[in-house]
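Trainee: quick one: sequence plus predicted model below, questions after.
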Amino acid sequence: MHRILTALLTCVLSAALAAGAAVGLVAALNAAPEQPNTPLVTFPDPAGAGTAPASRAPTTDR
């Protein structure tokens with residue numbers, strides 16, 4: 001009976017430790033400040049942005 005009680009106590013304590021670690025990890029991640037969403041590299045807009053050149057238009061014949 002002593003071994004069953006020891007095993008049960010070990011399981012309960014390990015589950016409590018895992019739950020506490022999970023809660024602590026989530027709290028630590030929520031405490032981190034938000035990072036700005038700015039791109040590292042920017043490219044200038046070419047002239048006539050948004051339109052494809054006529055030579056690059058997709059063709060249907062192969």
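Mentor: Perfect, I can see it now.

Trainee: residue 23 sits in which helix or strand?
Mentor: helix 2-31 (DSSP states H and E).

Trainee: so how far is residue 8 from residue 19?
Mentor: Separation of residue 19 from residue 8 (C-beta to C-beta, to the nearest Å) stands at 17 Å. Backbone N, C-alpha and C define where each C-beta goes, glycine included.

Trainee: per-residue pLDDT of the spatially most central residue of the chain, please?
Mentor: For the chain, the residue nearest the mean C-alpha position is residue 29 (11.4 Å; C-alpha atoms, centre = their mean). Per-residue confidence (pLDDT) for residue 29: 88.

Trainee: quick check: it vs residue 45, distance?
Mentor: Look at residue 29 and residue 45: by C-beta to C-beta, they are 37 Å apart.

Trainee: residue contacts, the residue nearest to the centre of the chain?
Mentor: Contact partners of residue 29, counting by C-beta atoms under 8 Å, 6 or more residues apart in numbering, are absent.

Trainee: where does the prediction get shaky in the protein?
Mentor: Along the chain, segments meeting pLDDT under 70 span 48-62.

Trainee: thanks a lot, catch you later.
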